[in-house]
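[1] With the sequence up front, the predicted model follows.
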Amino acid sequence: MSDASPPTVLEQALATVVDPELRRPMLELGMLRDLRVEGSVAHMRVVLTTPACPLKDQIRGSLEAAVIGTVPDIQSIEITWDANVTSTRGLPGRQEIPGVRNVLAVSAGKGGVGKTTVSVNTAIALSLTGARVGLLDADVYGPNVPIMMGITAQPEPGASNRISPLTAYGIKVMSFGTILKPGQPVIWRGPMLAKGLREFLYEVEWGELDYLVVDLPPGTGDVQLSLAQSVPMTGAVIVTTPQDVSLADVSRGIEMFAQVKVPVLGIVENMSGFVCAHCGETTDIFGSGGGRDLAQKYDVPFLGAIPLDPRIRLGGGDGQPLMAAAPDSTVGGVFREVAAHIAGRVSQENFASTAGPVMPSGPRIPLRP
């Protein structure tokens, strides 16, 4: 649509359709493209802000309602779904990673809540939608991503003396665990941790990524601070379990990210009940609802509740994460929903921080069925 040309009847009808997440007209945002009418069919390409968008059915319904019965002779619409992931813009004093659009931290106030499990399976869930995903294991004290991803190789030098990341399940992976000897402890002071983290951020040939998921160590220490001060982070995902002691630690994590001006994208409650495979009864082993209550208290989104499932433990131990081994399982569906909510929050944060720009031109990501 040219600024000099008057809007067509189809464009006038579509101008009323609002994106359900960004709450702005989709035509104004540049999300409706290649508009044309052939006979009784209106054709259009819908460019979403993430391939993981969970609202495609709602968007289709809004488009049909706006066009059919409004535009003369149009009886149906034909949609081609694409995605162009938005990017977090540079912040003062922080260095962008070339080619990486969004850096997502996955954090936990304490260990043992399944933070790495959430990081790994969420990264795979995002990748399954067609997004380009990297996974950085920054948990220097307990780098378990290689075990969960079945990685035993070490990274090799790449172009221009940069490090080539390893690849597993379609995801580019780097971990301190791949450069350490088995059982070797990391006894580093703060400056050494910061130096090692910066090398993984800027000396790795990440290429073009829509999302770089960073699995942080538990707590609120040097690695978290170094990451927040180094790169323009899109936001942080907080993982907790329903117990009161875990929730108390999460509160400190939320306050830390507020102080370093990193948005909290939301809270994930892990180990949220166990569903008996024989009788179907749910047992709340660690309680229930704590993560949702905490999200409400701090006015941040609740991203989902992941139930206990033995396949998560088994898959993490033999290098086949649940989202790779059983993506269509019930828990796999929960991880897909969590990933979709995270992707939606990324779009909202990027939109809010740039006051609603028209979507940039860039590589198209045809959505997977």
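    It's in. What you see is a predicted model, and the numbers here were worked out from it, not measured in a lab. Numbers count the residues shown, from 1 in each chain.
[2] how far out from the middle of the chain is the longest helix along the chain?
    As assigned by DSSP state H, the longest helix anywhere in the chain is helix 330-353. In terms of CA atoms, centre = their mean, to the nearest Å, the centre of helix 330-353 is found 6 Å from the chain centre.
[3] Show me the helices in this structure, by range?
    9-14, 56-67, 115-128, 145-149, 190-202, 222-230, 244-259, 290-298, 310-317, 322-325, 330-353.
[4] what's the neighbour count on residue 96?
    When counting by other CB atoms under 10 Å, one arrives at 17 neighbours for residue 96. For glycine as for every other residue, the C-beta is placed from the backbone atoms N, C-alpha and C.
[5] just checking, it touches residue 232?
    Yes. In this structure, residue 96 is within contact of residue 232 by CB atoms under 8 Å, at 6.1 Å.
[6] got the contact list for residue 173?
    Taking CB atoms under 8 Å, 6 or more residues apart in numbering, we find residue 173 in contact with 134, 135, 136, 137, 145, 146, 149, 151, 165, 166, 167.
[7] how about the nearest residue to residue 8, chain neighbours excluded?
    Spatial nearest neighbour of residue 8, chain neighbours left out: residue 35 (7.5 Å); criterion: CB to CB, 6 or more residues apart in numbering.
[8] wait, what's in contact with that neighbour?
    1, 8, 10, 11, 14, 42, 43, 44.
[9] rerun that using 10 Å as the cut-off
    Neighbouring residues of residue 35 by CB atoms under 10 Å, 6 or more residues apart in numbering: 1, 8, 10, 11, 14, 27, 42, 43, 44, 45.
[10] circling back: can you give me the buried ones in the longest helix of the chain?
    331-332, 334-351, 353 (16 or more other CB atoms under 10 Å).
[11] what does stretch 59-73 give?
    59, 62, 63, 64, 66, 67, 71.
[12] Could you check the pLDDT of the closest residue in space to residue 249 that isn't next to it in sequence?
    Of all residues not flanking residue 249 in the chain, residue 109 sits nearest, at 2.7 Å (CB to CB, 6+ apart). Here the pLDDT value assigned to residue 109 is 81.
[13] hang on, isn't residue 109 packed against residue 243?
    No. The criterion here is CB atoms under 10 Å, and residue 109 misses it with residue 243 at 11.4 Å.
[14] Now the common contact residues for these two.
    residue 249.
[15] Comparing those two, which residue is more hemmed in?
    When residue 109 is set against residue 243 and neighbours are counted by other CB under 10 Å, the residue ahead is residue 109, at 23 against 16.
[16] list the contacts for the more buried one?
    115, 218-220, 238-240, 245-254, 256.
[17] residues near the closest residue to residue 220 other than its chain neighbours, how many?
    Closest residue to residue 220 apart from its sequence neighbours, by CB to CB, 6+ apart: residue 256 at 4.3 Å. Residue 256 has 20 neighbouring residues, counting by other CB under 10 Å.
[18] Before we move on, what's the pLDDT of residue 256?
    89.
[19] Outline the domain layout of the protein.
    Domain ranges of the chain: 9-83, 103-353, per automatic domain parsing.
[20] Of these, which is nearest residue 89?
    Residue 89 lies closest, by CB to CB, to one member of those: domain 103-353, at 6.5 Å.
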